[in-house]
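Trainee: return atomic coordinates for the entry below.
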Amino acid sequence: MNQGRRRSFFAIGVIAAYLFSVIAIQIAASGEAIHPEEFPEMCPEKSLNCSMIGPNSYRSGGLTELRFNSSLETVMAETRDWIDSQPRTEIIGEWPDQTHSVFTTLLFRFRDDFVVNGFCDGEDAVIHVYSKSRLGISDIGVNKDRVGSFASHMSNVEMATSECVTD
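Mentor: Prediction:
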């Protein structure tokens, strides 16, 4: 077999292996939307692929909630705007008090769930955030960074001041 033919077979093998890997990841990482009543209470113990801002915060820089002096509708609209601005992201579930989106990595198309749950606490709108890889044991810090980026954005955005109300 000549050198050119070997290279062609090698290239075809690499492409086939890549396509097989992507298809296998998509099949293994399928999932349904997380409904508001199913919002996770915590990340798995000692997880390296989950981050949460909530009562059981985990890999979140110590944040236990994000609190705003605004309506829940305004806060959730800003949440959707941030999600829509992120690359390779799809909203798969949306309710007045929760948004579930999926972030997909560029190369191997790994899928990460990103769920924001909101509620009124007195006059304030409060949100909790859960971000977790669907596959694997480590996310190389991606979910922690995503949650931090979201928290930073939400803390810096100007929202109309109002009493928290739900529709």
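Trainee: for residue 47, give me its contacts.
Mentor: 58-59, 132 (CB atoms under 8 Å, 6 or more residues apart in numbering). Where you see a C-beta, it was placed from the backbone N, CA and C, and this is true even at glycine.
Trainee: mind listing the strands for the protein?
Mentor: 50-53, 66-68, 89-95, 98-104, 111-121, 124-133 (DSSP state E).
Trainee: name the spans of this structure whose pLDDT lies under the cut-off.
Mentor: 1, 25, 29, 166-167 (pLDDT under 70).
Trainee: could you check how far residue 51 is from residue 11?
Mentor: Between residue 51 and residue 11 the distance is 38 Å, computed by CB to CB, to the nearest Å.
Trainee: repeat for residue 119
Mentor: For residue 119, the distance to residue 11 - CB to CB - is 53 Å.
Trainee: ok, these two, which is more surrounded?
Mentor: residue 119 (16 against 10; other CB atoms under 10 Å).
Trainee: nearest to residue 148, of the strands of the chain?
Mentor: strand 50-53 (8.1 Å; CB to CB).
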